[in-house]
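*Asks:* Give the three-dimensional model of this entry:
(one chain, ligands or ions: 2)
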Amino acid sequence: MLTVALAKGRILEDTMQRLRSAGFSPPEELLDTRKLVLEDKKHPLRYLLAKPSDVPVYVEHGAADLGVVGKDVLYESQADVHELIDLQDGRCRIVVAGPSGLDVKRVTRVATKYPRYAQAYFRTLGRQIEIIPLSGSVELAPIIGLSDCIVDLVETGRTLKENGLIELVSLSAISTRLIANRRSYQVRGSEVDHVVSRIRDSLCEGSVAQ
Ligand SMILES: Nc1ncnc2c1ncn2[C@@H]1O[C@H](COP(=O)(O)OP(=O)(O)OP(=O)(O)O)[C@@H](O)[C@H]1O
Ligand SMILES: O=P(O)(O)OC[C@H]1O[C@H](OP(=O)(O)OP(=O)(O)O)[C@H](O)[C@@H]1O
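*Replies:* Ligands and ions are numbered 1, 2, ... in the order given. Below is the predicted model of the structure:
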């Protein structure tokens, strides 16, 4: 049996739909349960329900063979795992945002839960920045003067708009990824390939149908 770590929260429903389209049968219960380990109804798969930021940890350490998580979380984690497929769900983008008219070349303090993305971008400008680490409601920081700007996810743009901020630079497109433990990928290659090829096929069928 393969173990798959799924990220609880916002992307879980799309992930379940993706698994169903690929022919797997994750229990409906996943969306509304306090259980953390559930079995697929028809296939030799076991699902772990983890916090998004913990999914790469479970997979890197081999507690899960596979995982589904946003590219944002994966990049920040720097986990040593195989990134296998872009599942194309949970689409949004990571941006630098701040008050209109802010010159990003003069920024010194950046509030974010994405320090790695932030440092990488400001390094390209040759700027050394101070990261103000926050874990949510990041838009608050520039409004109250805690930071000059933020690096955060934007989907509809509503949160920025309602807080009087604008997108200044788009850094990267974000979507969910299927990842694999490096050892499982080698030792349990045929089981992993079976899951991967079913998902790949369903993604191709989906794009043909569109
Ligand atoms: N508009 C969005 N805002 C935030 N995340 C989004 C958005 N659209 C898609 N995502 C994806 O959903 C993931 C976040 O899910 P969710 O909001 O449930 O977790 P979280 O609140 O960041 O984590 P935790 O529950 O551990 O605090 C992101 O990692 C990203 O890949
Ligand atoms: O462009 P939008 O559609 O408005 O979405 C973007 C917002 O959604 C996320 O926050 P979330 O709802 O996860 O809450 P959080 O601030 O507590 O992380 C993200 O951090 C932005 O604040």
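*Asks:* ok, longest strand in this structure?
*Replies:* When the chain is parsed with DSSP state E, its longest strand is strand 166-174.
*Asks:* Could you see whether ligand 2 lies near that strand?
*Replies:* No: Strand 166-174 lies apart from ligand 2 when judged by Cβ under 6 Å from any ligand atom; the minimum separation is 9.2 Å. (Glycine included, C-beta is placed from N, CA and C.)
*Asks:* what residue lies at the spatial centre of this protein?
*Replies:* residue 70 (1.3 Å; Cα atoms, centre = their mean).
*Asks:* who touches that one in this structure?
*Replies:* 7, 11, 52, 90, 174, 175, 176, 177 (Cβ atoms under 8 Å, 6 or more residues apart in numbering).
*Asks:* swap in residue 148?
*Replies:* For residue 148, counting by Cβ under 8 Å, 6+ apart, the contacting residues are 98, 102, 106, 107, 108, 109, 110, 142.
*Asks:* Does anything pack onto the worst-scoring helix or strand of the chain on mean pLDDT? Which helices or strands?
*Replies:* Using mean pLDDT, DSSP states H and E, helix 189-209 stands out as the lowest-scoring helix or strand of the chain, at a mean of 90. Helices and strands touching helix 189-209, by 3 or more Cβ pairs under 8 Å, 6 or more residues apart in numbering; DSSP states H and E, are strand 2-7, helix 12-21, strand 82-86, strand 176-180.
*Asks:* what angle sits between it and strand 2-7?
*Replies:* Going by axes from the mean of the first three to the mean of the last three Cα atoms, to 10 degrees, helix 189-209 is angled at 50 degrees with respect to strand 2-7.
*Asks:* just to revisit the earlier point, as JSON lines, the contacts of residue 70 with pLDDT and neighbour count would be great.
*Replies:* Compiled in JSON lines, the contacts of residue 70 are given as follows (pLDDT from 0 to 100; neighbours: other Cβ atoms under 10 Å):
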{"residue": "7", "pLDDT": "98", "neighbour count": "23"}
{"residue": "11", "pLDDT": "97", "neighbour count": "21"}
{"residue": "52", "pLDDT": "98", "neighbour count": "24"}
{"residue": "90", "pLDDT": "97", "neighbour count": "24"}
{"residue": "174", "pLDDT": "98", "neighbour count": "21"}
{"residue": "175", "pLDDT": "98", "neighbour count": "17"}
{"residue": "176", "pLDDT": "98", "neighbour count": "25"}
{"residue": "177", "pLDDT": "98", "neighbour count": "26"}
